[in-house]
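> Need a 3D model of the sequence below.
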Amino acid sequence: MPDFSCANYTFPLLSRRQSLQLLRLLDFEFVDIGLFERNSSYLPSDLMSTPVDFIRGVQHDLLRAQIRPSDLFLQIGQEPAQSSANDPDPAVRSLSREVFKRALELCITIECDHLTGLPGVDHGDAERDFALAAEEAAWRLEQCREANVVYSIEPHLGSICTTIESTSSFLARVEGLTLTLDYGHFVCLGEESSKLHSLLPFASHIHTRGGSPGRLQTSVAESTIDFEGMLTGLHNRHYTGKFALEYVWIDWQGCNCSDNLSETILLRKRLRQIATVLNWEAEQHYA
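This is a model prediction of the structure:
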């Protein structure tokens with residue numbers, strides 16, 4: 001089977017230790033850690049104020065739960081426009097770089113080889129905003145390369161990468177950049193899943209959950225995302241990254257209307273069924 005991970009922020013009402021214990025109970029060997037200012041379990045501000053204690057605490061939690069990190073997802077502000085990578089204010093960007101360095105240090109210490117960030121948002125000047133976002137992504141990419149960590153961006157609602165065209169343009173500007181790809185952010189805006197397969201060659205991490213036009217997150221039964229086509233495309237490219245189950249519970253875009261526990265179990269079962277049909281394990285081993 002492919003390697004499956006689950007986001008710790010799928011269950012935000014649990015303590016961070018409880019969420020990790022639940023993931024192990026569900027037989028997940030990997031966890032995606034959300035380093036978000038809105039994720040009370042792992043706050044960037046706590047990392048910055050007490051870096052040594054914070055990093056030791058994360059190490060202890062992972063060891064105690066016997067689970068390994070698959071991705072560290074950094075979102076510095078309370079929402080994407082706050083402390084965005086392409087903030088026009090140089091002082092804000094400078095501070096964001098310091099936070100990023102600490103996040104990368106955390107990755108290295110806990111032996112996490114993948115770090116995800118956000119590309120940036122519209123601040124009212126399209127050309128400037130795009131250029132600043134590309135500059136920061138290139139800087140982050142180089143920092144991660146030196147540390148032997150893969151850096152990717154997640155195109156998302158409200159960002160400068162909301163379409164296949166804008167995402168492709170950004171990738172062309174920053175050579176070597178990869179994607180944490182979540183079809184839901186595109187499908188909810190009306191993009192067809194079949195067209196999104198063109199972005200698969202750039203994917204180093206996959207976020208999976210149900211989604212449909214007008215709805216960022218849905219049940220598996222209501223989802224219109226072509227998971228079969230997604231896995232087939234990745235399988236054909238000998239994808240070796242993780243598949244993260246990323247149902248979220250937040251009062252935004254109706255993302256607090258799902259039974260995250262049940263949907264996580266159902267979606268992983270569905271993805272495993274597709275992988276079995278593709279004979280994923282034998283092919284990947286051969287490759």
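> can you give me the strands in the stretch 1-150 of the chain?
4-7, 30-36, 68-75, 114-117, 150-153 (DSSP state E, counting those that start in this stretch).
> Dump those to CSV, plus distance to P51, mean pLDDT and mean neighbour count.
The way it works is simple: take the backbone N, C-alpha and C, and place the C-beta from them, glycine included. Below are the strands of the stretch 1-150 of the chain laid out as CSV (distance: least, C-beta to C-beta, whole Å; pLDDT from 0 to 100; neighbours: other C-beta atoms under 10 Å):
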stretch, distance to P51, mean pLDDT, mean neighbour count
strand 4-7, 23, 97, 26
strand 30-36, 12, 96, 24
strand 68-75, 14, 97, 24
strand 114-117, 16, 98, 25
strand 150-153, 20, 98, 26
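> N279 versus the residue nearest in space to the middle of the chain, what's the distance?
For the chain, the residue nearest the mean C-alpha position is T180 (5.1 Å; C-alpha atoms, centre = their mean). To N279, T180 is 26 Å away according to C-beta to C-beta, to the nearest Å.
> P213: neighbouring residues, count only.
Applying other C-beta atoms under 10 Å, we find 11 residues neighbouring P213.
> how deep is the closest residue to it other than its chain neighbours tucked in, by neighbour count?
Distances taken as C-beta to C-beta, 6 or more residues apart in numbering place G190 nearest to P213, at 5.3 Å, with adjacent residues excluded. A count of neighbours around G190, defined by other C-beta under 10 Å, yields 8.
> hang on, the earlier thing: how about the strands of the stretch 1-150 of the chain in a markdown table, adding distance to A244?
Shown next, in a markdown table, are the strands of the stretch 1-150 of the chain (distance: least, C-beta to C-beta, whole Å):
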| stretch | distance to A244 |
| --- | --- |
| strand 4-7 | 4 |
| strand 30-36 | 5 |
| strand 68-75 | 7 |
| strand 114-117 | 10 |
| strand 150-153 | 12 |
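> looking at the ones you listed, which is closest to T232?
strand 4-7 (17.3 Å; C-beta to C-beta).
> Give me the contact list for that closest one.
With contact meaning C-beta atoms under 8 Å, 6 or more residues apart in numbering, strand 4-7 is reached by 23, 26, 28, 30-32, 34, 70-71, 73, 242-248, 264, 268, 271.
> switch to 7 Å and redo it
Contacting residues not belonging to strand 4-7 are listed as 23, 28, 30-32, 34, 70-71, 242-246, 264, 268 [C-beta atoms under 7 Å, 6 or more residues apart in numbering].
> returning to that earlier point: surely the residue nearest to P213 touches R215?
No: using C-beta atoms under 7 Å, G190 makes no contact with R215, being 11.3 Å away.
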